[in-house]
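Participant: can't give you the sequence, but here's the structure:
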């Protein structure tokens, strides 16, 4: 199970910053993080772009200049997501993948999120995945991921059903609002 994730020796240490970023007014908190991570950036020149206002997280790109070259992604965890996402294991997994060059650099964690490197790319669509040149690259990368031994001798087991059960245990059986309950 995920409890046995072993971060290899030599994996980069990830600092924990005592900063809480407000999901609605994120600029002040994000600037505190940027001050620690990019002290040479002038706060007045830092631009912020919301990449996603997803179901569970908010993702903000912080950068200076006109191009998205050195972008620090600030991921603000969604409210109460720690109830079904093990944040310690998430960071361990990130570090394991980073140590094997399979993930962007994780710069830091903070009270309600983490900061990591932006890697430019393209979201694949079904037509891309059907392309033999691309699906071979995907298969090669997946094989690389599955060759990583992150469990220090333990045989990994899926915890999909456990996680789904935990998630569904958090969902109310019914709502007071009839319209919401019907939906």
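Facilitator: Received, thanks. Keep in mind that what you see is a predicted model, and the values were worked out from it rather than measured.
Participant: Could you list the low-pLDDT ranges of this protein?
Facilitator: Counting by pLDDT under 70, the chain shows low-confidence ranges at 1-4, 53-54, 150-156.
Participant: Need the distance between the two termini of stretch 30-43.
Facilitator: Start and end residues of stretch 30-43 are separated by 10 Å (C-alpha to C-alpha, to the nearest Å).
Participant: wait, I meant stretch 60-77
Facilitator: Terminal residues of stretch 60-77 are spaced 11 Å apart (C-alpha to C-alpha).
Participant: since we're on residue 11, how many residues are nearby?
Facilitator: 17 (other C-beta atoms under 10 Å). Yep, even glycine has a C-beta here, placed from its N, CA and C like the rest.
Participant: My error: substitute residue 59 in the last question.
Facilitator: Neighbouring residues of residue 59 were enumerated by other C-beta under 10 Å; the total is 17.
Participant: Quick one: list the elements packing against the helix or strand harbouring it.
Facilitator: According to DSSP states H and E, residue 59 maps onto strand 58-63. In terms of contacts (3 or more C-beta pairs under 8 Å, 6 or more residues apart in numbering; DSSP states H and E), strand 58-63 is packed against helix 27-37, strand 47-53, strand 72-76.
Participant: partner strands of it, parallel or antiparallel?
Facilitator: strand 47-53 (antiparallel), strand 72-76 (antiparallel) (DSSP bridges).
Participant: Can you list the buried residues in the first one?
Facilitator: What that stands for is strand 47-53. Within strand 47-53, no residue is scored as buried using 16 or more other C-beta atoms under 10 Å.
Participant: now stretch 37-49
Facilitator: Of the residues in stretch 37-49, 37-38, 41, 46 count as buried by neighbour count, 16+ other C-beta under 10 Å.
Participant: From the centroid of this protein, which residue is nearest?
Facilitator: residue 75 (6.6 Å; C-alpha atoms, centre = their mean).
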